[in-house]
Every structure is written in structure tokens, then in C-alpha cells.
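**Q** Please work out how this folds:
(2 chains)
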Amino acid sequence: MPRNSRTAAGDRGSTGWTIAVTAAMVLVSLYFLVPVAWLAVASTKSNGDLFTTPGFSFAAFHLWDNIAELSRYDGGIFWRWAANSVIYSVLGSIATTLVSALTGYALAMYRFRGRKLVMGVILGSMLIPGTVIAQPTYVLLVDLGLNNTYAGLLLPALVYPFGVLLCYVYAQSSVPFSLVEAARLDGASELRIFASIGLRLMTSGLVTVTLFAFLGSWNSYLLPLLVLTDQELMPLTVGLTGWNQASITIPALQTLTIIGSLLSVVPVAAVFVFLQRFWRAGLTAGGIRF
Amino acid sequence: MNRPRFAPYLFLLPFTILFLLFLVAPIGVAIWNSLHATKSSGLGFGTARTVFVGVENYTRAFRDSDFVTGFGRVALFGAVQVPFMMVVAAGLALLFDSAVLKAKRFFQFAVFLPYAVPGVIAALLWGFLYQPSVSPVIGWMRDVGIDVNLLAPGTVLWSIANVAVWSNTGINMIILYTALQSVPREMYESARIDGAGQFRIAWSIKLPMIAPALVLTTLSSIIGTLQLFGEPQVLKSITSNIPSDYTPNMSVYAAATLGQNENLSSAMAVILGAVTLAVSLIVLRLTNRRTMVAEDAA
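**A** Numbering: from 1, shown residues only, chains lettered A, B, ... in the order given. As a prediction, this is how the structure comes out:
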């Protein structure tokens, strides 16, 4: 090999390297895509074919039948769960973003007594994982009479220290003090300045916070499992895993769990791909100060 | 300016109330509960009373060998899964950052897609792929001569680790990749002129430059490992090799639901929280020193 072969693999890339790396990446991608592909294929099969036909070959096409059956089962409870998941995630993430923005903005834009303390407490609380306090949160919600309510799941999710930290970073880097001062001289109230200048300038960062909060609620499992006993209030994660457990005695649920999982994955994946530009920009902005 | 005097406090009010109510209060409740127990008076006819029992619940938790074993199990899990995942994520991020790879967008989408699948749904999905009756993967492995039970006592932990790797590599890769993208390109130019190859640049310039992001992602992976709950809880329904106290967090849940003992469960939650906090602080301490050394060298 010529001595400069390593430099040849540099930014222009030699063909040999490109082929080898691309081949390796195809294998890696297969690993990440195969389970979802299997889910898509399995969703088109009847319950009988699921066990008798090879995993990746199509059998009789039953997708629409499966969806119809899914919508019929238990009075269409699946769609109720889907609606609940949307309520928890959409309402929750918007409210979380507002609370985090208000807090992060205040910490970045004002100098006041106790600021350092608040910052320290928020940073420290990031080390306390949510699932550890899930059980005591449940005990507390029972005392407050909030178990088995939407509020019982929505309110605890609003405490999002990481979101506050991100908002603080965004406010610091994108809201100029001079602009705030000018608005003040014009007689605008502090809240108005926050709403019309702060929120607007922080938008791309706030989309990131919203997305992370959305995913947090969408994926949440332990707290709803503890807090909700009423099936009408359950999110998809709790409902579908419940079906999966019950499918040991009710085999028909296996197909429904599969088609239900597919339907719950597709919209979120689509939203994510669609919003790629936003959360990438947001992560870069947030990454500067990590 | 007089006006902004009260504004910041008003702005902080909603978060402060929620923080006290749903973060501070639960911790208080957990600690209080962990120091008390419900005892029925007399011959079991009287009403149950709550009495202060000191550290009784804690000694009971520490004597519970399954609870303690759970810590060993997640430690073993983390010692293998976290480094493996971080090496893969960092490797992929470096690849995406270099010009060697074509069709980057597609590959990035593939790696990131699992992040849109909730952890428990991912476990459910892999659960199907682990069962010989439906799994095509087990069939393929048999074709090439590997006959393995992915849900056996010795393998099931690694089957759970596989779900964690599948779910979380994407987000870690993206965080590291965005960190790499914000490193100024001029940093590499002089090294290249000096004759440094791609691997050398990646190892001695790129990785040290993104050390903070590496620490952040590693730390949150470690915290996630200690909290392991959803994935084993879901896989539990398809194998008898995952008992209900397989991980510390499952013990907390089992003590509260199956054991109906809120007090023991709280003591376990406090222990788990304390261990998590201690491990996080140790990691931050160690990496702080490391990061500084790396910065000096750069």
C-alpha cells in the first residue's frame, strides 16, 4: 500500500473505504429497521398465519380486517388509549414548555436575590430520576384525590428541570438585554415583554423542549401504571402492554397488540422525521454550553 | 428601574409550586413513609395504626437478598451495555461527521427511528422476536447453526440489554453528532497538514472536543440503567426467568403492589435514589478530572 493511503481516506474519501463503510452501515441499519419491518409485516397477518407463516413473508392480507377488529375490541378502547396518549403528550408538552420557558427566561434575564440558589436546586434536581419518585408521587396523588384523573398524570410531568435548563440557555443566547430594555422604556409590562419578545426569539429552542417533553409523556409507563386503574384513562403504553400480558390467556389479543403497536409508532416517527430540522438546531444551540 | 423587582418571582411562581408539590413533597413522603409502618393493634381486630419504626424498613430492605441482588444485576448490565452502546453511538457519530459515508440522511433516520418507539413497546416488539413460535430471527440463527434460547436464565439479561441498545443508541448518536458538528473545522486543518490521519484526528481531537457531550450521554445512560423497569417488566410476561424483583425498581414496584407494603417500598425507593445520586456524583467527579486532563493535552 502506498504510504499516503490513510490521508486518501480523508475528507474526499477513497472508493474502497466508502464501499466498506457503506456495507457496514447497511448491516447496522438492518439491525435498527428489522424489528419495525417485522411489525409492519406481522400487522397484515391473521392470528393463525402469524404462527404458521415465516416472519418476513406476506400471507393473506389482513391489515384492514385487523384494524377493524382492533377498533371493535372492547368497545374501541384502543382509540380511547390513543386519544389519551395524545392528550397527555400534547397538552402536557405545551404546558411543560410554557412553565419551563417562564422559569428559564426569568433566570436568564433578571438579577434577583436567590437566583443562584434556584439555579443550584434545579441543576441538582436533574440527578433525581423520575421513576424513583413515582411510587411516592402516587401516594401523594391518592392523598390529593388525583389518582385516576387526567390531572394526576399531567401535573407531575410539568416539573422538567432539564427543560428549564435548556430554556435558560436559549434565553441567554437569543434574547438581547437591549431589546428588553427598549420595550421597557416603551412602557410594556414584563409579562408582555416575555410573551411578545422572549417567546418569539426562543421559538426554535422551545420546539426542542416541546419535543423532548412530548416524547417523555408519550413513553411514560411507570407513573400511569401506578396512578391509573381506570382503563378509560390509560395511555397506549399501559393499555398495549396490558393486552400483551393478557394474550397468554386470550390469543386473539396477540394480533391486536401487534397492529396496535404499529399504529402507535407510525405517527410519532412521521412527526419526528418532519420536525428533524427543529430539534437538530435546538440540540446544537443547547450543546454549546454543555 | 423599579419594575422588574417582583417580576422574576412571579415568573418563577408556577414552577416553584409544582416543584415543591411534585418533586420535594414526594421525596418527603417517601422518607416519612420509610420510617413508619402500619401495625394492627391487639389480635388483628383493632384498626391499623401507623407507628414510627426507625430504620426497620431499611434493615428489612437490605436483608432482602433479591433486592440486593437486583443492584448487582443492573451493575453487571450497565458495565456491559453502557460502554457498548456509547462506543457504537460515538463511532456512528464520527462516521456521520466524516465525509466517508454516503446516504447519511437515510442511515441517520434508520439509527434514530427506534427512539420514536416507546421503551415498553420496543420491549414488546423484541419480545415477539425472542419467542421461537413467531420469531424469524431465531429461525435464521438456527439456519446458520446457532441454537440459542434468548429467554433462558443466562441470556435474558442480554436480551433486555439488546432492547436498551436498540432504543437508545439513536438519541446518543444524535447528541454526539450535533456536538461534533459545532466543533470548528479549522481545528482539523492543521492536524491534517501535519500528516495526521482520520483515526488520529478522531481520537486526539474530535473525541476530546466533545468530552462534555460524552459525559452527559454516559451519565444519563448510567442513571437509566439503575432505573431499569419497563423493559424487564414487559418481557416478564413471556418468560418465567424474570422474577418480579429482577431489578431494584421492579422490587420497589412489587413491594408496593404485590406486597401491599408502602413503607418497605418507600425505603427501597429511597435507597435506589441515594445509590443513583452517589453513582452520578462519582461519575461527574471522575470525568471532571479526565475532561480537564484532556483539555490540557489539546
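**Q** Backbone torsions only: list them for residue 145.
**A** No chain in the question, so chain A it is. phi 70, psi 20 (degrees, to the nearest 10).
**Q** Same check on B:Asp64?
**A** Torsion angles, degrees, to the nearest 10, at B:Asp64: phi -70, psi 100.
**Q** For it, give me its contacts.
**A** By CB atoms under 8 Å, 6 or more residues apart in numbering or on different chains, the contact list for B:Asp64 reads B:245, B:251. Where you see a C-beta, it was placed from the backbone N, CA and C, and this is true even at glycine.
**Q** Just give me the neighbour total for residue 168.
**A** Picking chain A for this. A:Tyr168 is flanked by 23 other residues according to other CB atoms under 10 Å in any protein chain shown.
**Q** Chain B, not that one
**A** 22.
**Q** Can you verify my assumption that it contacts B:Met85?
**A** Yes - B:Asn168 lies in contact with B:Met85 (CB atoms under 8 Å); the separation is 6.4 Å.
**Q** residues shared between the contacts of these two?
**A** By CB under 8 Å, 6+ apart, the residues touching both B:Asn168 and B:Met85 are B:Ser221.
**Q** could you say what helices and strands the host helix or strand of B:Val215 packs with?
**A** Here B:Val215, judged by DSSP states H and E, is contained in helix B:211-226. Applying 3 or more CB pairs under 8 Å, 6 or more residues apart in numbering or on different chains; DSSP states H and E, we find helix B:211-226 packed against helix B:65-97, helix B:156-181, helix B:262-297.
**Q** Dump those helices into JSON lines; add mean pLDDT as well.
**A** Below are those laid out as JSON lines (pLDDT from 0 to 100):
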{"stretch": "helix B:65-97", "mean pLDDT": "95"}
{"stretch": "helix B:156-181", "mean pLDDT": "92"}
{"stretch": "helix B:262-297", "mean pLDDT": "80"}
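**Q** which of those sits most buried?
**A** helix B:156-181 (a mean of 22; mean count of other CB atoms under 10 Å in any protein chain shown).
**Q** about what we covered before: and whichever helix or strand comes after the helix holding B:Val215, what does it pack onto?
**A** Going down the chain from helix B:211-226, the next helix or strand is helix B:230-235, by DSSP H and E. Here helix B:230-235 touches helix A:236-246, helix B:119-130, helix B:156-181, helix B:248-257, going by 3+ CB pairs under 8 Å, 6+ apart.
**Q** could these go into a markdown table alongside distance to B:Ala90?
**A** Formatted as a markdown table, these follow (distance: least, CB to CB, whole Å):
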| stretch | distance to B:Ala90 |
| --- | --- |
| helix A:236-246 | 30 |
| helix B:119-130 | 22 |
| helix B:156-181 | 6 |
| helix B:248-257 | 27 |
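**Q** List the residues that contact the closest residue to chain B within the stretch 51-200 of chain A.
**A** Closest residue of the stretch 51-200 of chain A to chain B, CB to the nearest CB: A:Gly55 (2.7 Å). If you count contacts by CB under 8 Å, 6+ apart, A:Gly55 has them with A:38, A:41-42, B:134-137, B:139.
**Q** any idea which of the residues you listed has the most stuff around it?
**A** Highest neighbour count within the contacts of A:Gly55: A:Ala42, with 25 neighbours (other CB under 10 Å).
**Q** got a pLDDT number for that one?
**A** Per-residue pLDDT puts A:Ala42 at 90.
**Q** wait, it sits on B:Leu124?
**A** No - the criterion here is CB under 8 Å, and A:Ala42 misses it with B:Leu124 at 11.9 Å.
**Q** what about stretch B:14-30, how long is it end to end?
**A** Distance across stretch B:14-30, first residue to last, is 23 Å (CA to CA, to the nearest Å).
**Q** Is there proximity between it and chain A?
**A** Yes - for stretch B:14-30 and chain A, the contact criterion (CB under 8 Å from any CB of the partner chain) is met by B:14-15, B:18-19, B:21-23, B:25-27, B:29-30.
**Q** Nearest to B:Leu94 among the helices and strands packed on helix B:230-235 would be which one?
**A** Closest of the helices and strands packed on helix B:230-235 to B:Leu94 is helix B:156-181, at 7.1 Å (criterion: CB to CB).
**Q** Let me know whether the closest one sits next to chain A.
**A** Yes - against chain A, helix B:156-181 shows contacts by CB under 8 Å from any CB at B:166, B:169-170, B:174-175, B:178-179, B:181.
**Q** With distance to A:Gly48 as added columns, please give those in CSV.
**A** Formatted as CSV, those follow (distance: CB to CB, whole Å):
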residue, distance to A:Gly48
B:Trp166, 29
B:Thr169, 35
B:Gly170, 35
B:Ile174, 41
B:Ile175, 44
B:Thr178, 47
B:Ala179, 50
B:Gln181, 50
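**Q** Can you tell me which of the residues you listed lies closest to B:Thr218?
**A** Nearest to B:Thr218 among the residues of helix B:156-181 next to chain A: B:Ile175, at 10.8 Å, using CB to CB.
**Q** Quick check: the gap between the closest one and B:Ser182.
**A** Here B:Ile175 is placed at a distance of 11 Å from B:Ser182 (CB to CB, to the nearest Å).
**Q** Generate a markdown table for the contacts of A:Gly55, with distance to B:Glu56 and secondary structure as supplementary columns.
**A** Output for those, formatted as a markdown table (distance: CB to CB, whole Å; DSSP: H, G, I helix; E, B strand; the rest coil):
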| residue | distance to B:Glu56 | secondary structure |
| --- | --- | --- |
| A:Trp38 | 50 | helix |
| A:Val41 | 54 | helix |
| A:Ala42 | 50 | helix |
| B:Val134 | 47 | coil |
| B:Ser135 | 47 | coil |
| B:Pro136 | 52 | helix |
| B:Val137 | 48 | helix |
| B:Gly139 | 53 | helix |
